[in-house]
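Undergrad: quick one, structure for this:
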Amino acid sequence: MQHYSTLVISHPVTTAVSQYSVVRVNGAYTAGSPILGVALYDAEADTLASVTVNGLVPVQLADSEVVTPGDLLGLDAMGKGVAPASGNKVSDFTTVVSVENNHALVII
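TA: Residues are numbered from 1 along each chain as shown. Below is the predicted model:
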């Protein structure tokens with residue numbers, strides 16, 4: 001899936017993050033913290049992660065979640081994308097542009 005990161009920052013993470021998961025300002029997945037962006041690579045806890053804060057990027061979907069273009073992508077407790085009505089949704093993120101290989105492409 002093609003993606004375009006127009007602004008990537010190095011940000012400290014307090015928990016291990018997975019590639020293409022949504023990272024919050026506190027460096028974890030905690031729903032109480034504002035969304036920062038999408039991790040470009042896996043990162044270990046207490047390290048710096050490369051986080052896209054602006055661009056067209058994929059977000060890994062949680063297992064068994066189905067979204068379609070135009071849906072408002074929800075997030076689960078691990079920063080993965082879920083369907084708008086999923087029982088695992090803890091917050092909303094942004095609108096889905098396209099879906100491919102269990103990833104939702106979004107603009108942030």
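
Undergrad: neighbours around Cys17, how many?
TA: To be clear, residue 17 is Val; Cys isn't right here. Residues lying near Val17 (other CB atoms under 10 Å) number 27. (C-beta placed from N, C-alpha, C; glycine too.)

Undergrad: equivalent analysis for Thr68, please.
TA: Quick note: Thr68 (other CB under 10 Å) scores 11 neighbours.

Undergrad: do Val38 as well
TA: Around Val38 there are 27 other residues, counting by other CB under 10 Å.

Undergrad: for the helix or strand hosting it, list the C-alpha coordinates in PDB.
TA: Using DSSP states H and E, Val38 sits in strand 35-39. Taking Å, rounded to 0.1, in the frame of the first residue of the first chain, the C-alpha atoms of strand 35-39 are listed here in PDB:
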ATOM      1  CA  ILE A  35      -3.800  11.400  19.100                       C
ATOM      2  CA  LEU A  36      -0.300  12.200  17.800                       C
ATOM      3  CA  GLY A  37       0.000  10.100  14.600                       C
ATOM      4  CA  VAL A  38       0.800   6.700  13.100                       C
ATOM      5  CA  ALA A  39       4.000   4.700  13.900                       C
END
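
Undergrad: in it, which residues are buried?
TA: 35-39 (16 or more other CB atoms under 10 Å).

Undergrad: and the contacts of the next helix or strand after that strand?
TA: Next in sequence after strand 35-39, counting helices and strands by DSSP H and E, comes strand 47-60. With contact meaning CB atoms under 8 Å, 6 or more residues apart in numbering, strand 47-60 is reached by 1, 3-13, 17-23, 27, 36-41, 43, 73, 80-81, 93, 97, 100, 102-108.
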